[in-house]
Structures are given as structure tokens and as C-alpha cells.
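**Q** Prediction below, plus the sequence it came from.
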Amino acid sequence: MKPKIFDSHNETDFRYTACLNYGLDAYPFVRGYKEAADILIQNLSETDGRSIDGLVYPICYLYRHHIEIFIKDIIHVCGYLYDDIEEEANKFLAKRSHSISGLWNKLKEYLIISGEYETEIPEELAQFDHLISELSVFDPSGTAFRYHKDTNGRILLQNPETKEPVRHCDVFALHDEMQKLSKILECVDMDLSVKLDFKLDYIREMQEY
């Protein structure tokens with residue numbers, strides 16, 4: 001009898017049965033992609049960089065996707081929290097864009113419109129513009145670390161100015177920047193989530209009258 005993978009349990013050790021769709025939001029996905037990348041970085045540290053030329057691709061993809069879905073989730077919360085941007089936020093997310101720079105700029109726009117920040121994004125968030133820009137330049141659609149070539153046979157991961165293939169990546173610098181950016185996004189997400197909880201509690205109380 002062939003083993004069943006999904007909607008199935010590991011009968012030998014329950015610890016190796018993963019729970020899916022147990023949350024009401026995207027946080028398990030957000031956390032999971034980052035933790036996977038962190039584990040690969042830890043493996044490189046413990047093996048003196050062995051297999052780094054192969055692991056660089058999943059590491060970069062996992063970190064990039066972590067940031068992409070984290071930003072989308074925060075935009076989703078912004079829409080729920082602030083009525084004046086809810087419709088626009090839902091339409092924006094419905095486009096299913098993978099442009100990380102577009103998502104980043106939209107997030108900053110909503111944070112200002114919503115009143116989270118007065119007239120400009122604070123330095124602790126704006127300092128990551130360069131990182132988002134670099135990710136956007138070298139992987140604009142989230143495919144450069146997933147596939148070697150596009151449907152026309154062209155190498156995806158290339159320098160947009162010289163059109164030459166990218167040859168090197170400082171994986172540990174990426175790790176360090178991602179840790180800091182992820183932490184900032186966690187703070188933003190937590191602040192908005194707390195406000196959303198207050199809003200939902202208020203709505204429930206009003207409905208009871």
C-alpha cells in the first residue's frame with residue numbers, strides 16, 4: 001500500500017505530522033519561510049559553507065518570499081483596520097503582484113494614509129529601501145531564485161545594466177539584513193493587529209446594544 005501524504009498522520013511518531021491551515025491568517029506561512037531559510041543559514045555556519053553554491057538559491061527565495069507575504073499580510077490588516085483604504089487594499093492584493101518594490105511602496109503609502117505615521121516613513125523602516133530595491137532589481141517577479149532560465153532560454157538572475165549573469169551573493173549579509181527587516185515588520189504587524197483587535201471588540205460591543 002502506497003503511503004498517503006496529505007490528510008494523513010505519521011503513525012510512527014506524531015511529532016513528524018505537520019498541522020496545516022490551523023491559523024486564521026498567513027502567519028504560519030510568514031514564519032515558516034523565514035525559519036526554513038534560517039535553518040539553511042545555520043547549516044552553512046556549521047559546515048563551513050559546504051553546499052553554499054546550491055543552497056544560496058533556496059535561501060534567497062525563502063527570505064524574499066517571507067518578506068513578500070509578510071508585506072501582503074500587513075496590507076491586508078491595514079484594509080481591515082482602516083475603512084477608507086479597505087476597498088483599494090483588497091483590489092491591490094487581488095492583483096496577486098509579486099513585485100516586492102510595488103508591495104513595499106504600497107505598504108509605506110498605506111501606513112501614512114492610515115495615520116500610523118504622520119508625513120513620512122521613519123528611518124527604522126526607510127533604511128530597508130536599499131534592500132527592497134536590490135531584491136526588486138535582481139528578482140523583480142520572484143522567479144529568479146526558483147528557475148535558472150525563462151521560457152526564452154535567458155538566464156533569469158542577471159545584472160539588469162550589463163545583462164551579464166550575477167556571479168556572487170553575500171548570503172550572510174542577506175541573512176543579517178533579513179533578520180532586521182523581519183523584526184521591524186513584526187513590530188508594525190503587532191501594532192496594527194492590536195488596533196484591529198480593539199476595533200473588532202468595539203464592533204461586537206456595539207452590536208450587542
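**A** Cool, got the structure. Residues are numbered from 1 along each chain as shown.
**Q** going forward, measure contacts and count neighbours with C-alpha atoms only.
**A** Fine.
**Q** Pull out the buried positions in stretch 36-55.
**A** Of the residues in stretch 36-55, those buried by neighbour count under the rule 16 or more other CA atoms under 10 Å are A36, A37, D38, L40, I41, N43, L44, I52, L55.
**Q** swap in stretch 161-180?
**A** Residues V171, H175, M178 are the ones in stretch 161-180 that count as buried (16+ other CA under 10 Å).
**Q** Find the nearest non-adjacent residue to the last one, please.
**A** In this case it means M178. Y63 (7.0 Å; CA to CA, 6 or more residues apart in numbering).
**Q** Same question for the first one.
**A** Distances taken as CA to CA, 6+ apart place V56 nearest to V171, at 6.8 Å, with adjacent residues excluded.
**Q** can I assume S99 is in contact with F138?
**A** No: proximity of S99 to F138 does not meet the contact threshold set by CA atoms under 8 Å, at 11.3 Å.
**Q** Contact partners for the most centrally placed residue in the chain?
**A** Note on the chain: the residue nearest the mean C-alpha position is I67, at 2.2 Å, using CA atoms, centre = their mean. Shown in contact with I67 (CA atoms under 8 Å, 6 or more residues apart in numbering): V30, S182.
**Q** other SSEs contacting the helix or strand of the chain with the lowest mean pLDDT?
**A** Comparing every helix and strand of the chain by mean pLDDT, DSSP states H and E singles out helix 123-126 as the least confident one, with a mean of 85. Contacting helix 123-126 under the criterion 3 or more CA pairs under 8 Å, 6 or more residues apart in numbering; DSSP states H and E are the following elements: helix 171-208.
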